[in-house]
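1. sequence plus predicted model, see below.
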Amino acid sequence: MSVLAINGLRAEIASTGTEILRGIDLEVASGEVHAVMGPNGAGKSTLSAVLMGKPGYKVTAGTVTLDGVDMLGLPTWERAVAGLHLVMQYPTEVPGVALDEVLAEALSSRGRATDGLTAELEVEAERIGFEERFLHRPLNVDLSGGEKKRNETLQLAVLRPRIAILDELDSGLDIDALRDCSRRVEDLSNEAENPLGVLAITHYNRLLTELRPDHVHILVKGQIVSSGGPELATVLETDGYAAFTGQDDEPESSSSSLDDLFRM
Amino acid sequence: MLPLADLVLPTADEEIWRYSRIDQLEPGSFTASDPRTAVSGGAGVRITSERVNSIAESDVFAQYNSEYQATTVIDVPKGAVIAEPIVIDQHTAAGAATFPRTVVRVAEGAQCTVVERFTSESGVASLTVPVVAIEAAQGSNVSYLAVNDVDTAAWQIGHQILTGERDSAINISTVTLGGHYTRVRTESRSAGQGASLRQVSLYFAAGDQMHDFRVHQDHDAPNTNSDLLFKGAVQDRARSVYTGLISIREHAKGTAANQTNRNLTLSEGAWAESVPNLDIRNNDVRCSHASTVGPIDQEQRFYLESRGLRPEVAERLVVLGFFDEVLSQLPALDLVGELRSRVATRLSIGGAR
């Protein structure tokens, strides 16, 4: 049983001093699926970046622990080895560096054997609908949006973290890929032994029809303004973020059907 | 013979020697001698050592090379297809100055691959002044790879002179790891209609090394094309210079030319300069150039670290990945694995990070 505990987390953009996160409290345990939803500019991407230690942000207050171990004091790679994993919104292309090569190094960092890796990769690729030829090709280079997210999900399944942060897993995904990726995450969170804890950060509702959250949190202007069960997502579906922000919804979400159209 | 001590050095005031270490060279401190040359492969070609005096001398080093030349001439007969690479090893002894001259004459419709490796006595200074001339006749196809692996205390000042006749294809690659100061000046001339040139280069300087490239792609016939990709990295206090010029002459219509130079600066104290130039005298051409100098991409590094890779492992993979674009294009594939691991080894050298 693992717990990611975020307490009073405040963070700003290092270069400008602009405060983005203004006191976040969240707890994610093994097997739980939490959705953090919010409009553009709420601080969703900053939250995932700060949790993983991406350069460019400064934590000004609060703590983040994984099973009691302070994460904020660790460099990014040690957070990953400790069991925290970030599925990126826009997975970076790394020319000339193959996926299997990276995963072999990633397992070595964790003191895990790499001899079964090739076989495991093939099984996972089949399961997630990721073409096998991509396994030996440079990371994310020339992959479509959907292929990139299948790749991210495959890495998650192979690395077996304790807690996964999904940053807008649904962006750039077609409906088939969305279903395949969500189901794989769902399965990982339902495993009998060491089930995955999930923190899914998303703007849109459609991820949550596939990945059923136990808890939904609404993030507005760097603070969680409301927490509840899946019914909160239903409120969003009908009323938009206006119910939580006290103002009209942002154009991005009101035109979400058009966004989706062009994203396919 | 011209004594080495009488060699009048150019100065860094001349544009073509700008940024170079030419003012630190003391030719008189070296003894002119022959390199130890070994040639393997080449069944079906004629290999001789007769002097060749017809090569243009663009500076005093080429002139000294003419004077002292230790010549290897490779003649590939008309229509011959030589599958096995011809490998030439050139070794310079401690304190010696050597002047290897390699002439590759590929007759009409012939095909061959030549690999030339330069080494020097380890741990001591020496001076290697090589000239390679490649003459690709009509419809011929030649690949040439130069690997510079001289000691980091050694000097190398080289010339590459390439001529492509009608519908010929020249593929020239250089891999530069060695040298306190290594300079390669490459002059290519697309002399016949439809001639094509592909040029790739990898260089990696660490410690106090300097790598210096002066490249001229001269399009002197219609419908010719050239494509250049130079990728380098500098680490510690090392320096590198790339200066490239694409010239397209008045009558070279329908020509396509590209030069791309990318540099990674891996340490605060390392320095790389990139100066691409164009001189285009015809409007019916396609020409492009790109150049970058900068540290490792932070997004790439973060992505790999977020998978749990140690920073030094992430850096090694990103740098090797950066060079992969060049390594994957080298003609003698069995050498590539060794070169890749040499680059990986160098990444862990050096203190000032």
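-> Done, it's in. Numbers count the residues shown, from 1 in each chain, chains lettered A, B, ... in the order given.

2. tally of neighbours for whatever residue of chain A ends up closest to chain B?
-> Relative to chain B, the nearest point of chain A is residue A:96 (2.8 Å; Cβ to the nearest Cβ). C-beta coordinates here come from the backbone N, C-alpha and C atoms, glycine included. Residues near residue A:96, counting by other Cβ atoms under 10 Å in any protein chain shown, number 20.

3. isn't there a strand covering it?
-> Yes - under DSSP: H, G, I helix; E, B strand; the rest coil, residue A:96 falls within a strand.

4. now it: how far from residue A:117?
-> 20 Å (Cβ to Cβ, to the nearest Å).

5. before we move on, what about residue B:211?
-> Counting by Cβ to Cβ, the gap from residue B:211 to residue A:117 is 37 Å.

6. okay, those two: which has more neighbours?
-> More neighbours surround residue B:211 than the other of residue B:211 and residue A:117, with 28 against 17 (other Cβ under 10 Å).

7. secondary structure class for the more buried one?
-> strand.

8. now for it: which residues touch it?
-> Residues near residue B:211 by Cβ atoms under 8 Å, 6 or more residues apart in numbering or on different chains: B:176, B:179, B:182, B:183, B:203, B:205, B:232, B:234, B:238, B:239, B:240, B:241.

9. please put the alpha-carbon coordinates of stretch B:1-20 into PDB.
-> In PDB, the C-alpha atoms belonging to stretch B:1-20 read as follows (Å, rounded to 0.1, in the frame of the first residue of the first chain):
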ATOM      1  CA  MET B   1      63.600  20.200 -50.200                       C
ATOM      2  CA  LEU B   2      61.900  23.000 -48.300                       C
ATOM      3  CA  PRO B   3      63.000  22.800 -44.700                       C
ATOM      4  CA  LEU B   4      60.100  22.700 -42.300                       C
ATOM      5  CA  ALA B   5      61.600  25.500 -40.200                       C
ATOM      6  CA  ASP B   6      61.200  27.700 -43.300                       C
ATOM      7  CA  LEU B   7      57.500  27.200 -43.500                       C
ATOM      8  CA  VAL B   8      55.900  30.600 -43.200                       C
ATOM      9  CA  LEU B   9      52.700  30.200 -41.300                       C
ATOM     10  CA  PRO B  10      49.600  32.100 -42.300                       C
ATOM     11  CA  THR B  11      48.100  34.200 -39.500                       C
ATOM     12  CA  ALA B  12      44.700  34.200 -37.800                       C
ATOM     13  CA  ASP B  13      44.100  37.600 -39.400                       C
ATOM     14  CA  GLU B  14      43.300  35.800 -42.700                       C
ATOM     15  CA  GLU B  15      39.500  34.900 -42.700                       C
ATOM     16  CA  ILE B  16      40.200  31.300 -43.500                       C
ATOM     17  CA  TRP B  17      42.400  31.000 -40.500                       C
ATOM     18  CA  ARG B  18      40.200  33.000 -38.200                       C
ATOM     19  CA  TYR B  19      39.700  31.400 -34.700                       C
ATOM     20  CA  SER B  20      42.300  28.800 -35.500                       C
END
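
10. can you give me the buried ones in it?
-> Going by neighbour count (16 or more other Cβ atoms under 10 Å in any protein chain shown), the buried part of stretch B:1-20 is B:4, B:7, B:17, B:18, B:20.

11. restrict the contacts of residue B:211 to contacts with chain A.
-> For chain A, no contacts are drawn from those by Cβ under 8 Å from any Cβ of the partner chain.
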